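K.L.:
Quick one: sequence plus predicted model below, questions after.
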Amino acid sequence: MQARIIKIVSREYTLYTEEGMRVKAVLAGKIRLQTKPVAGDLVECEEISGQWTVQKILPRKSYLIRPACANVDQALIVMSTHDPEFSSALVDRLSFLIVQAGITPVLIVTKCDLGMSDDTKRAIEEYEQGPIQVIRSQKNYLEPALADVLKGKISVLTGQSGAGKSSLLNHLDPSFHLATQEISKALGRGKHTTRHNELHAVAGGLVADTPGFSSLDFSRMDKHELAQCVLDFRPYLGQCRFNDCIHENEPGCAVKEAVQAGKIPARRYQNYLDVLKLIQTRREY
Ligand SMILES: Nc1nc2c(ncn2[C@@H]2O[C@H](COP(=O)(O)OP(=O)(O)OP(=O)(O)O)[C@@H](O)[C@H]2O)c(=O)[nH]1
Ligand SMILES: [Zn+2]
């Protein structure tokens, strides 16, 4: 039978079986030394006289190191209109790293009930016309696209402290209240708590108990890989004069032409150039 690992504490594995049962299992001896299973792994399991064992880890479609989680479908970039201020530089940096990890970014704009600056309003509208799904969230109203965002998927949340990650989960699933407190603890203040690895059932999907991508670490990305991770560039890749174009100063660059034609917002191109510079000027050890 197939099942999903949703929690690992020491050697005890909690599984959701395909029949919807929640069971505790141990690893079969033969796989103990091969792949290290993580939450999100899809496994073959078996029950023999009341003892469930994990027989095999099935191939992963994505793998995140922090939080250690396999098969994550999407990362919700939780960004508030203000307090903390909306930052398109941050949205873009997160989305480059999310795409690099083989995961789909989704932008959730919180605190939309509170009003926003003209510049933030414009930045959000630009995202709404771009390649990333954007959902606006506000207090006391749950729009259908938001209500369904977790359904049937494994998600990880990311975003600054105070952006509204915990509130969002509560908003999506009020019965989740207790667990959210745990999340909050794990997120920031719980440095002394042991991070176990768990996926919570929220609003029809599974959500990692620890936010991802908080280190904004570009050390494992080179400039060519970066250009591949920019969803705004995807329609133009392969159309530049040079095969190895990094869309900076090269003549005949289809990406720069798209920026000049207003098809790619200048602010997002600038965000790309800033990360490119970061990568180009870092010291290699
Ligand atoms: N008005 C309004 N307030 C919100 C909204 N979302 C979150 N807040 C408030 O913003 C504050 C921060 O929200 P949290 O959910 O704690 O933020 P968080 O991202 O989980 O923060 P950390 O736990 O520090 O990572 C709280 O006071 C929330 O009530 C919203 O859509 N509208
Ligand atoms: Zn180019």
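P.N.:
Alright, I've got the coordinates. Ligands and ions are numbered 1, 2, ... in the order given.
K.L.:
and the stretch 1-150 of the chain, which of its residues are near ligand 1?
P.N.:
Thr110, Lys111, Asp113, Leu114, Ser137, Gln138, Lys139 (C-beta under 6 Å from any ligand atom). Backbone N, C-alpha and C define where each C-beta goes, glycine included.
K.L.:
how about the residue lying closest to the last one once chain neighbours are set aside, what does it touch?
P.N.:
Just to be clear, that refers to Lys139. Taking C-beta to C-beta, 6 or more residues apart in numbering, and ignoring the residues beside it in sequence, Lys139 has Asp113 as its nearest neighbour in space, at 4.9 Å. Asp113 sits next to Gln138, Lys139, Asn140, Tyr141 when contact means C-beta atoms under 8 Å, 6 or more residues apart in numbering.
K.L.:
Looking at Ala28 now. What's its pLDDT?
P.N.:
On the pLDDT scale, Ala28 is placed at 89.
K.L.:
With the one 10 residues further on instead?
P.N.:
According to the prediction, Val38 has pLDDT 95.
K.L.:
For it, grab the count of nearby residues.
P.N.:
Look at Val38: counted by other C-beta atoms under 10 Å, it has 20 neighbours.
K.L.:
can you give me the strands for this protein?
P.N.:
2-9, 12-17, 22-27, 42-48, 51-57, 63-64, 69-70, 74-80, 104-110, 133-136, 154-158, 197-202, 205-208 (DSSP state E).
K.L.:
quick one on the thing from earlier: among the residues of the stretch 1-150 of the chain next to ligand 1, which one sits closest to ligand 2?
P.N.:
Using C-beta to the ion, Thr110 comes nearest to ligand 2 of those, at 34.5 Å.
K.L.:
unless I'm mixing things up, the closest one is touching Asn170, no?
P.N.:
No: the pair Thr110 and Asn170 does not pass the contact test of C-beta atoms under 8 Å, sitting 11.9 Å apart.
K.L.:
Would you mind giving the residues of the stretch 1-150 of the chain next to ligand 1 as a markdown table with pLDDT added?
P.N.:
Shown next, in a markdown table, are these (pLDDT from 0 to 100):
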| residue | pLDDT |
| --- | --- |
| Thr110 | 97 |
| Lys111 | 97 |
| Asp113 | 96 |
| Leu114 | 94 |
| Ser137 | 97 |
| Gln138 | 95 |
| Lys139 | 92 |
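K.L.:
Just the buried residues of those.
P.N.:
Buried members of those, counted by 16 or more other C-beta atoms under 10 Å: Thr110, Lys111, Ser137, Gln138.
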